[in-house]
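Q: here are the coordinates; sequence isn't available:
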């Protein structure tokens, strides 16, 4: 994703064009959101009364990870789930993510925030999960819309050890906004058609090689 390209001073335009500009620049940041609303979605920090809801979500994600295969260690599933649900809320505070995803993308593109586009969330999630040294879970990266005119999106996918990436569970803290975790099995995601990052990189190398050959 080309999330930090320079787009000039267009982000400072005011007046009637501002909402459309916000949407345009957000899309150019390389992550497409589930809605085009520019309304602030609320605080990233979960209030005390939501802690039970977070624990319930951790339990749900734990079960979803255990369901990836009979060899998944329950303790590893629980640790991975707690990281996936809670750590993005920390990153949201650290990155000052207080807006809906597209609005925050605009801030990153225009230099008002350093991080918070989808690749940042996926990078941080991958690093945090790899640091645990799981034996029964594998961590994968996937990319959507790399080969078409739609805009790219990146995520982490977790599988049972040794299983194909597309059998796994999507862990996407960008899509809903402010670090709130979206999960689904890869084949059940009705918004994105995913490819492994390795496949996308191989396709990109081939595409560049063909382009250079045509220039020669």
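A: Good, I have the coordinates. Since the structure is predicted, the reported quantities are computational estimates derived from the model, not experimental observations.
Q: Apart from its chain neighbours, what residue comes closest to residue 185?
A: For residue 185, ignoring the flanking residues on the chain, the nearest one in space by C-beta to C-beta, 6 or more residues apart in numbering is residue 169 at 6.0 Å. C-beta here means a position set from N, CA and C on the backbone, and glycine is covered the same way.
Q: gap between that neighbour and residue 112?
A: Going from residue 169 to residue 112 by C-beta to C-beta, to the nearest Å gives 33 Å.
Q: Please identify which of the two sits among more neighbours.
A: Under the neighbour definition other C-beta atoms under 10 Å, residue 169 and residue 112 were set side by side, and residue 169 has more, 23 against 11.
Q: wait, what's in contact with the more buried one?
A: If you count contacts by C-beta atoms under 8 Å, 6 or more residues apart in numbering, residue 169 has them with 61, 64-65, 68, 157-159, 183-186.
Q: Among these, which lie within strands?
A: Using DSSP state E, the members of those that fall within strands are 157-159, 183-185.
Q: residue ranges for the strands of this protein, please.
A: So, for the chain - with DSSP E - the strands run 137-144, 153-160, 169-172, 182-185, 194-196.
Q: what's the closest of the contacts of residue 169 to residue 144?
A: Residue 144 lies nearest to residue 186 out of the contacts of residue 169, by C-beta to C-beta, at 10.4 Å.
Q: I'd assumed residue 166 was in contact with that closest one.
A: Yes: in this structure, residue 186 is within contact of residue 166 by C-beta atoms under 8 Å, at 4.8 Å.
Q: Mind listing the shared neighbours of the two?
A: Overlap between the contact sets of residue 186 and residue 166, as judged by C-beta under 8 Å, 6+ apart, is given by 157, 194.
Q: Could you check which of those two is surrounded by more residues?
A: When residue 186 and residue 166 are compared on other C-beta under 10 Å, the one with more neighbours turns out to be residue 186, at 20 against 15.
Q: where do the helices sit along the protein?
A: With DSSP state H as the criterion, the chain has helices at 18-28, 51-66, 74-94, 101-109, 118-130, 197-215.
Q: Single out the most deeply packed of those helices.
A: Among the helices of the chain, helix 101-109 has the highest mean neighbour count (mean count of other C-beta atoms under 10 Å), at a mean of 24.
Q: okay but residue 84 is in contact with residue 124, surely?
A: No: at 11.0 Å, residue 84 does not count as touching residue 124 under the criterion of C-beta under 8 Å.
Q: Output the below-cut-off pLDDT ranges for the protein.
A: When the per-residue scores of the chain are filtered using pLDDT under 70, the ranges that remain are 1-30, 32-49, 203, 216.
Q: Please tell me how far residue 177 sits from residue 157.
A: When C-beta to C-beta is the yardstick, residue 177 and residue 157 sit 20 Å from each other.
Q: picking up where we left off before, list just the nearest of the ones in strands among the contacts of residue 169 to residue 194.
A: residue 157 (7.4 Å).
Q: residues in contact with that closest one?
A: Taking C-beta under 8 Å, 6+ apart, we find residue 157 in contact with 139-142, 165-166, 168-171, 186, 194.
Q: out of the residues you listed, which are buried?
A: Neighbour-count burial within these applies to 139-142, 165, 168-171, 186, 194; the criterion is 16 or more other C-beta atoms under 10 Å.
Q: If anything else comes up later, I'll come back, but that's it for now.
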